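Participant: Pasting a predicted model and its sequence here:
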Amino acid sequence: MTTLLKGGTIITGAGQRRADLLLDGEKIAWMGRGSQTADQVVDVTGCFLFPGFIDAHTHFDLDVANTTTADDFYTGTRAALRGGTTTVIDFACPNKGESLHHGLDLWHQKADGRAFCDYGFHMTIDDWNESIRAELPDMFAKGISSFKMYLTYPAMMIGDRDIYWALKELKRLGGIAGFHCENAGVIDGRVAERKAAGELSPASHPRT
């Protein structure tokens, strides 16, 4: 089905311009001024037409710190669309001792058939051993090419040596690594100082 959006101001990376936009299904088929036929015509005069935004860091239906994040894929992706975000990339998070395949399967169970916008996954690496390393090529085959590691939180840290090995393997495979960058040891020391000083209010959290 084709749709012609007429009279809007189109926003692109190169700037903005007044033009009509012809959509064929979910793809842009034409952009310009002039006569075009379509199955339906929508007058968008006075409106700005943006590309769909991409939110590359979401945590839907994530069990963490004895609670679960407020939004799941059903509510979170509806809210995303309301704000103009048409793609989200969530984090598949296996626990220590679980395989990457288990984490990916679990997140597909959370998302498949429940999301309103396009979605993909990053993969958390919070364990490192030969089995995890051997799983990485299959993660790429399944569309996962970006991975996150943690420099704090004992339940998720793998340590500098294993981060080094993981980075070498991801480089070999052409992957991307992201990090939760904090210094766990320094934080522990600063927390101990505040506790010893009796400074136990929430105000000590950002200070430490």
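Facilitator: Now that the structure is in, tell me what you want to look at.

Participant: Sheet-wise, list the partners of the helix-or-strand element of the chain with minimal mean pLDDT with their directions.
Facilitator: Counting by mean pLDDT, DSSP states H and E, the chain has its least confident helix or strand at strand 63-64, which shows a mean of 90. Its sheet considered, strand 63-64 pairs with strand 67-68 (antiparallel) by DSSP bridges.

Participant: Show me what whichever helix or strand comes after the partner strand is packed up against.
Facilitator: Counting by DSSP states H and E, the element after strand 67-68 in chain order, helix or strand, is helix 73-82. Other elements packing on helix 73-82 under the criterion 3 or more Cβ pairs under 8 Å, 6 or more residues apart in numbering; DSSP states H and E are strand 53-58, strand 85-92. For every residue, glycine as well, the C-beta is placed using N, CA and C.

Participant: switch the cut-off to 10 Å
Facilitator: strand 53-58, strand 85-92, helix 100-111, strand 118-124 (3 or more Cβ pairs under 10 Å, 6 or more residues apart in numbering; DSSP states H and E).

Participant: Val42: what secondary structure?
Facilitator: Recorded secondary structure, Val42: strand (DSSP: H, G, I helix; E, B strand; the rest coil).

Participant: That one touches Leu5, doesn't it?
Facilitator: Yes: between Val42 and Leu5 there is a contact at 5.3 Å, judged by Cβ atoms under 10 Å.

Participant: Of those two, give the one with the bigger neighbour count.
Facilitator: Neighbours were counted for Val42 and for Leu5 using other Cβ atoms under 10 Å; Leu5 has more, 22 against 14.

Participant: Was I right to think the more buried one contacts Phe48?
Facilitator: No: counting by Cβ under 10 Å, Phe48 is not a contact partner of Leu5; they are 11.3 Å apart.
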